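S.K.: Please work out how this folds:
(one chain, ligands or ions: 2)
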Amino acid sequence: MEGARGADAAAEDGAEDTVMQKLMTETFGPSKEAEQESDRVQRGLDKMSELEREAPNLRWLYESPLPRTERQARPLQCLYCHTAKPAVSCAKCKVAPYCDKTCQTADWRAGHKRSCARYQLLGRAMRVPDADAHRMLMTELLRSVRMHLSPFAIAAELSAAETRPAPDGRRFVFVQSESTLAELSLPTARDTCGAELSVRRTVLLQHVTLPEFEKLTQEESGLRLLTPTLGPLESAFGARRAVAKPDDALVLLCFADGYHALASVPLVPDRRVCLVLARDYMGKEALNLHLDDEDQ
Ligand SMILES: [Zn+2]
Ligand SMILES: [Zn+2]
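M.R.: Ligands and ions are numbered 1, 2, ... in the order given. Next up, the predicted model:
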């Protein structure tokens, strides 16, 4: 998939990309080692699909207070055929609404058996119950986007080094969504009441410096609530400076209900493979990931 595309791009050897060439040589060494290195990259790419299933080894650096907003009760719709008169609920989670047993059985087979626990966790109020559940859902989200996030972070770092030098290296990936974490955690773009979500499920990735972020929080009223994270960000950068070779991306996640958290996310599969994959992300200031696109 994405990984295979990156490998092809690397094999084509686009000599026009001098920044990348220089970095590749610096990172991978002289060309006699190139063949050996490309094997290594291939092994790394093979590992991608494996990693996609694994939980990332995250470190949480800051988490905001839990959101207090309660979602309004919605009229129920059958989660399978989408009609408006459900008469039964899933016997297990007691949340997912269906018109009848037939729809319930069909949806169970179509995938509800894998996501039943998620409906039970969120309930019809679509509320993430506690800090542990928030962490669990954010970890899952990061697992699904980090195949893009890792090379994007490296690519942004490379182009920023050229155009917007930040000598102290205080940059991070700002991940925002106009959906709540609960909405992003569902298997389809319908809420636990069966209603279609009003906002398309998208995650926006930006690579920003601390001053750029500070400016964002002052200009956009919606981001003002993120000001308390400036302190934790400062200390995270401080801690990173103490590490000789940081192989993590610093990531700030922010959701529609105001919930936000700061985490240190390991690059996958590693920095070197990300350098190769980064070709596909060069020059992109921001990256919009649509969760409901089949071909994404
Ligand atoms: Zn139905
Ligand atoms: Zn269920």
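S.K.: Run through the residues of the stretch 51-200 of the chain sitting next to ligand 2.
M.R.: Those residues of the stretch 51-200 of the chain that sit near ligand 2, judged by Cβ under 5 Å from the ion, are 90, 92-93, 96, 116. Backbone N, C-alpha and C define where each C-beta goes, glycine included.
S.K.: immediately after the helix or strand containing Ala236, which helix or strand?
M.R.: Ala236 is part of helix 230-242 when elements are defined by DSSP states H and E. The element immediately downstream of helix 230-242 (helix or strand, assigned by DSSP H and E) is strand 248-254.
S.K.: can you give me the mean pLDDT across that following strand?
M.R.: Mean per-residue pLDDT for strand 248-254: 91.
S.K.: before we move on, what about stretch 78-93?
M.R.: pLDDT averaged over stretch 78-93 gives 95.
S.K.: Identify the residues contacting it?
M.R.: 75-77, 95-101, 103-104, 106-108, 110, 112, 116-117, 119-120, 190, 194 (Cβ atoms under 8 Å, 6 or more residues apart in numbering).
S.K.: Identify those among those residues that sit within helices.
M.R.: Judged by DSSP state H, helices contain the following of these: 101, 103-104, 106-107, 116-117, 119-120.
S.K.: With neighbour count as added columns, please give these in CSV.
M.R.: Output for the ones in helices among the contacts of stretch 78-93, formatted as CSV (neighbours: other Cβ atoms under 10 Å):
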residue, neighbour count
Lys101, 11
Cys103, 22
Gln104, 23
Ala106, 13
Asp107, 20
Cys116, 19
Ala117, 11
Tyr119, 24
Gln120, 15
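S.K.: which of these lies closest to ligand 2?
M.R.: Distance to ligand 2 across those (Cβ to the ion) is lowest for Cys116, with 3.3 Å.
S.K.: Now do the contacts for that closest one.
M.R.: Here Cys116 is in contact with 90, 92-93, 96, 108 (criterion: Cβ under 8 Å, 6+ apart).
S.K.: So what touches stretch 129-139?
M.R.: Contacts of stretch 129-139 (Cβ under 8 Å, 6+ apart): 55-56, 58, 60, 63, 66, 121, 128, 181-182, 184-185, 253, 259, 261, 263.
S.K.: run the last query once more with 10 Å
M.R.: 55-58, 60, 63-67, 118, 121-123, 127-128, 175, 180-182, 184-185, 251, 253, 255, 259-261, 263, 265 (Cβ atoms under 10 Å, 6 or more residues apart in numbering).
S.K.: Narrow those to those in helices?
M.R.: 118, 121-122, 181-182, 184.
S.K.: Find out how far stretch 83-96 is from the centre of the chain, if you would.
M.R.: 30 Å (Cα atoms, centre = their mean, to the nearest Å).
S.K.: list the contacts for the nearest residue to Arg271 once chain neighbours are set aside?
M.R.: Excluding the flanking residues, the one nearest Arg271 by Cβ to Cβ, 6 or more residues apart in numbering is Asp247, at 5.3 Å. Shown in contact with Asp247 (Cβ under 10 Å, 6+ apart): 150, 264, 266-267, 270-272, 274.
S.K.: List the buried residues of stretch 83-97.
M.R.: Under the neighbour-count criterion of 16 or more other Cβ atoms under 10 Å, stretch 83-97 has 86, 89-90, 93, 95-97 buried.
S.K.: and the angle for the longest helix belonging to the chain with strand 248-254?
M.R.: Secondary structure of the chain read by DSSP H shows that its longest helix is helix 131-163. Helix 131-163 runs at 120 degrees relative to strand 248-254, counting by axes from the mean of the first three to the mean of the last three Cα atoms, to 10 degrees.
S.K.: what's around Cys78, how many residues?
M.R.: Applying other Cβ atoms under 10 Å, we find 21 other residues in the vicinity of Cys78.
S.K.: which residues are in contact with stretch 215-223?
M.R.: Contacts of stretch 215-223 (Cβ under 10 Å, 6+ apart): 174, 176, 178, 206, 208-209, 213, 224-230, 254, 256, 258, 260.
S.K.: quick revisit: please identify which of the ones in helices among the contacts of stretch 78-93 is nearest to ligand 1.
M.R.: Nearest to ligand 1, judged by Cβ to the ion, of the ones in helices among the contacts of stretch 78-93 is Cys103 at 3.2 Å.
S.K.: Not counting its neighbours along the chain, what's nearest that closest one?
M.R.: Cys103 sits nearest to Tyr80 (Cβ to Cβ, 6+ apart), 4.0 Å away.
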